[in-house]
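In: below is the sequence, then the predicted model.
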Amino acid sequence: MDEKKIILSGIKPSGALTLGSYLGAIKNWVELSDTYNCYYMMADMHAITIRQDPAALRRTTLEQIAQYIACGLDPDKNVIFIQSQVPAHAELSWVLSCYTMFGELSRMTQFKDKSAKNADNINAGLFTYPALMAADILIYQADLVPVGDDQKQHVELTRDIAGRFNGIYGDVFKLPEPFIPKVGARIMSLQDPTSKMSKSEQDTGGCVCLMDKPEDIMRAFKRAVTDSDTRVRYDVKEKPGVSNLMQIYAVAAGKSVIETEKDFDCRGYGDFKQAVGEAVVELLRPVREEAARLLSDKAYLEKVYTEGAEKAAYTANKTLRKVYKKIGFVQK
Ligand code: ATP
Ligand code: LTN
């Protein structure tokens, strides 16, 4: 019997993947992929809670698959799939939404943020988004959900929903744990270090994307907002810009924040920004090159997501059947 624990995580193909998603989530996916049975998806159903251009959504979804693989996720060892190609997610989501309270959904920070930013499109899907996310996770009986800090609240709500359901029907769902990195869990915008680096806010210059050219990455770091002091010192409150760059450097160069502080003590911001840029360029170079190569092989990508959806559906349908039985739906 396969004793490996299970991981599920996903990213919305709502734009080009950023350094934030890489350091907050994907890097851990790669590190954990040998020791767990892993399911990694393109959360296209979540992406449409914000209006998407159809051609761009299709293109970004394929690019994201290529980038997952280029980051080091081997499709022979990990189940890589597109959420909308496994209908059981939507089906379980409906059931779980009947066990999710209006008050709980109203308290979600992401709902509040996204509604404020998209005041002309506060749709029902944006509100019930966490029930679909709970379905994504619970349908695979995931033990661990590697995400950035901003998604912790959704994983906690998933546990609450699962606990409520289990309390009524017995042990149907495993309760998942969030897995959040110690450094890099919340990479901030390079232009506004008080707000999260986000792929849907790319035109501000605060974002670095996985596919950006080296010269663009260097320019983004050179222009990064710091402060009028000159010391490279970690202090999130007083020096949010520098502290953000220190976190990025630490993860990209494989050092601790303390080592980073020592290395750059007595050196100015110019030197430091140059070093952060170079470390990120080298970190992303192999990803960019391999993703570009994979993207030119559409037949291979199609094979990956088709086989991925088949494997995912097999596991997902087992959980769905069990849930339908428990709640009293007549079985075929
Ligand atoms: P959008 O702008 O469309 O909401 P996003 O850039 O916030 O997208 P998501 O698809 O929401 O990215 O997130 C993908 C994964 O990466 C999630 O696990 C999320 O927690 C993580 N993540 C996203 N941005 C960051 C960031 N700036 N720092 C650390 N982790 C992040
Ligand atoms: N909500 C997440 C994306 C996401 C996800 C998931 C993450 C959708 N379903 C399941 C982990 C597990 C986001 O906005 N980053």
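Out: Okay, I see it. Numbers count the residues shown, from 1 in each chain. Ligands and ions are numbered 1, 2, ... in the order given.
In: tell me which parts of the stretch 51-200 of the chain are close to ligand 2?
Out: Residues of the stretch 51-200 of the chain found near ligand 2 (CB under 6 Å from any ligand atom) are 133, 136-137, 145, 147, 151, 154. Placement of C-beta: from N, CA and C, glycine included.
In: 5 Å instead, please
Out: 133, 136 (CB under 5 Å from any ligand atom).
In: can you give me the helices in the stretch 51-200 of the chain?
Out: 54-70, 88-97, 102-106, 109-117, 124-138, 152-169 (DSSP state H, counting those that start in this stretch).
In: quick one: which of those helices is nearest D265?
Out: helix 152-169 (33.0 Å; CB to CB).
In: how about that closest one, which residues are buried there?
Out: 152-155, 157-162, 164-165, 169 (16 or more other CB atoms under 10 Å).
In: and the strands in the protein?
Out: Counting by DSSP state E, the chain has strands at residues 5-11, 36-42, 78-82, 144-146, 177-179.
In: tell me what the longest helix anywhere in the chain is packed against?
Out: In the chain, assigned by DSSP state H, the helix with the most residues is helix 298-327. Judged by 3 or more CB pairs under 8 Å, 6 or more residues apart in numbering; DSSP states H and E, helix 298-327 is in contact with strand 36-42, helix 54-70, strand 78-82, helix 88-97, helix 269-295.
In: distance to Y234, mean neighbour count and mean pLDDT added to those, as JSON lines?
Out: What follows is these, written out as JSON lines (distance: least, CB to CB, whole Å; neighbours: other CB atoms under 10 Å; pLDDT from 0 to 100):
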{"stretch": "strand 36-42", "distance to Y234": "32", "mean neighbour count": "25", "mean pLDDT": "98"}
{"stretch": "helix 54-70", "distance to Y234": "30", "mean neighbour count": "19", "mean pLDDT": "98"}
{"stretch": "strand 78-82", "distance to Y234": "34", "mean neighbour count": "24", "mean pLDDT": "98"}
{"stretch": "helix 88-97", "distance to Y234": "40", "mean neighbour count": "19", "mean pLDDT": "98"}
{"stretch": "helix 269-295", "distance to Y234": "12", "mean neighbour count": "18", "mean pLDDT": "97"}
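In: turn the strands of the chain into JSON lines, columns for distance to W94.
Out: Formatted as JSON lines, those follow (distance: least, CB to CB, whole Å):
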{"stretch": "strand 5-11", "distance to W94": "19"}
{"stretch": "strand 36-42", "distance to W94": "18"}
{"stretch": "strand 78-82", "distance to W94": "19"}
{"stretch": "strand 144-146", "distance to W94": "21"}
{"stretch": "strand 177-179", "distance to W94": "24"}
